[in-house]
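Colleague: Structure for this input, please:
(one chain, ligands or ions: 3)
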Amino acid sequence: MQNITILGATGSIGLSTLEVMRLHPQRFHLYAVSGYSQLDKLADIANQYLPEYVVVNTQEDAQRLSTMINSDCDATILFGERALCEIASAEQVDAVMSAIVGAAGLLPTLAAVKAGKKVLLANKESLVMCGELFIDAVNKHGATLIPIDSEHNAIFQCLPHDYEYAKPNSSGISHLLLTASGGPFRELMPAELDDVTPEQACAHPNWDMGRKISVDSASMMNKGLEFIEAKWLFGVDEDNIKVVIHPQSTIHSMVQYKDGSVLAQMGNPDMRTPIAHALAFPERIESGVSDLNFFEQASFSFESPEKARFPNLFLAMRASRLGQAATTALNAANEIAVEAFLNEHIRFTDIYKVNLQVVENMHTPTLKTIDEIIAHDKACRHLAQSVCASMHQGREK
Ligand SMILES: NC(=O)C1=CN([C@@H]2O[C@H](COP(=O)(O)OP(=O)(O)OC[C@H]3O[C@@H](n4cnc5c(N)ncnc54)[C@H](OP(=O)(O)O)[C@@H]3O)[C@@H](O)[C@H]2O)C=CC1
Ligand SMILES: CC(=O)[C@@H](O)[C@H](O)COP(=O)(O)O
Ligand SMILES: [Mn+2]
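Modeller: Numbers count the residues shown, from 1 in each chain. Ligands and ions are numbered 1, 2, ... in the order given. Next comes the predicted model:
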């Protein structure tokens, strides 16, 4: 029996994880969960799965939640970031699903890493914010890192079993091929993007996801973040990663070898597949996802991403080459800009303008510690907020 902590249990990845776990009650026990704003959902999870610990944001939330939990659930309710770190690192925990969205997931995920846990990483922002320190901590503390992001999980499945971190060439690898759907706006002209709404941006053609990552997919910043994520997860250079648009999202990513072979991982677009793979690794278990039907699959098509349509992707690739301060800045700016877009304070096309301005102004410092990363993240958010505020004021006039 594996004891599992789910950070971000009320979100899209968290709920899919619970669905997979429910299929295997003899294998997985829910030790602890966290939520943030959706207390009703969190109470339902606690009442159904009876975890030992539930973590919320504030003391008031903890009090409210305690009134919503049934008497047969005797979970201890905790609150705040320190409690998130505790449920991620507790001795009883075997594996941690890191599924909080954004920078808020960094410290709890690092706590799991430092406790040497099996870490199932959905929170890609952690690696964008502090890739080198994160991977150093994984190696130093003997943690096991398994990617949940569908592309990275696919690449993980296509790499040789004895793949040595940062040695793609000695494994005969030519490059990694990250597939991208192109999102809901793939066929729009750049000029048509000015007036798209948050609802349109969140309507992903293939995947059902949280709102922040959905907007990132629409702007292709998601692929930019994934480019940086791949660099750190697999220890490859930027030159060894290519992005290919594959609108059907059936091939989740590929590894191209020097001998001309290409290994791909395919399946219906449903996150329960990578989640089941990671939970049971190296075994294979039922995920609840239906078989891919090749006779109903209309086609597999591929396109090259255009810079004019998807400038965020190319900005992320540039930030990756600039180094840690640039990718921390990009992530911070993007989180602020996406939130401002979702609140209808800025336009969809402004997201790139905010990101560019923050990266250009904030890419120089050398960041050697987590405290320095967090201070830089904060300064970049401050700048992004003031850029968004002046854009908002400009729109109001
Ligand atoms: N959804 C997907 O298919 C995929 C997601 N990912 C990555 O996984 C992560 C989660 O994505 P997704 O599940 O879609 O996102 P959701 O928005 O659906 O869920 C986010 C989770 O984080 C919690 N949360 C939000 N803000 C905070 C905060 N400040 N502190 C603590 N907890 C917080 C939410 O709680 P509450 O809901 O209670 O407010 C919720 O449980 C992201 O990093 C995303 O990039 C990667 C690949 C695929
Ligand atoms: C399911 C998943 O992993 C998402 O990150 C997905 O990749 C989004 O799709 P695109 O970013 O390719 O549109
Ligand atoms: Mn992905």
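
Colleague: Going by C-alpha atoms from here, please, whenever you check contacts or count neighbours.
Modeller: Fine.

Colleague: where does the stretch 101-250 of the chain come near ligand 1, residue by residue?
Modeller: Residues of the stretch 101-250 of the chain lying near ligand 1 by Cα under 6 Å from any ligand atom: 101-102, 104, 122-125, 149-150, 209-211, 213.

Colleague: Look up how far ligand 3 lies from Pro247.
Modeller: 13 Å (Cα to the ion, to the nearest Å).

Colleague: Next, find the distance separating that residue from Leu322.
Modeller: Pro247 sits 30 Å away from Leu322, going by Cα to Cα, to the nearest Å.

Colleague: out of the two, which sits in the more crowded spot?
Modeller: Neighbour count, other Cα atoms under 10 Å: between Pro247 and Leu322, Pro247 has more, with 21 against 14.

Colleague: Output the set of residues of the chain in proximity to ligand 2.
Modeller: Checking the chain against ligand 2 by Cα under 6 Å from any ligand atom, the hits are Asp149, Ser150, Glu151, Ala180, Ser181, Gly182, Gly183, Trp207, Ser217, Asn222, Lys223.

Colleague: The stretch 201-350 of the chain: strands as residue ranges?
Modeller: Here the stretch 201-350 of the chain has its strands, by DSSP state E, counting those that start in this stretch, at 241-245, 251-257, 262-266.

Colleague: Tell me which of these sits most buried.
Modeller: A comparison of those by mean neighbour count, using mean count of other Cα atoms under 10 Å, puts strand 251-257 on top with a mean of 23.

Colleague: In three-state terms, label Val119 for me.
Modeller: strand (DSSP: H, G, I helix; E, B strand; the rest coil).

Colleague: these two touch, right, it and Leu145?
Modeller: Yes. Using Cα atoms under 8 Å, Val119 is in contact with Leu145, at 5.0 Å.

Colleague: These two: which is more packed in?
Modeller: Set Val119 next to Leu145 and count neighbours by other Cα under 10 Å: Val119 wins out with 26 against 20.

Colleague: tell me which residues form a beta bridge with that one?
Modeller: The partner list for Val119 in beta bridges (DSSP bridges) reads Val96, Leu145.

Colleague: Could you measure from it over to ligand 3?
Modeller: Relative to ligand 3, Val119 is positioned 17 Å away (Cα to the ion).

Colleague: circling back: ok, the residues of the stretch 101-250 of the chain next to ligand 1 vs Phe302, which is closest?
Modeller: Nearest to Phe302 among these: Ser150, at 17.7 Å, using Cα to Cα.

Colleague: Now for that closest one, how many residues are close by?
Modeller: Ser150: 25 surrounding residues under other Cα under 10 Å.

Colleague: List the buried residues for the helix ranked longest in the chain?
Modeller: Criterion DSSP state H: the longest helix present in the chain is helix 370-396. Neighbour counts over helix 370-396 (16 or more other Cα atoms under 10 Å) mark 370, 373-374, 376-385, 387-388, 391-392 as buried.

Colleague: Tell me the spacing between the nearest residue in space to Lys307 that is not next to it in sequence and ligand 2.
Modeller: Nearest-residue entry for Lys307: Phe314, 6.5 Å, with adjacent residues in sequence omitted and distances by Cα to Cα, 6 or more residues apart in numbering. Counting by Cα to the nearest ligand atom, to the nearest Å, the gap from Phe314 to ligand 2 is 14 Å.
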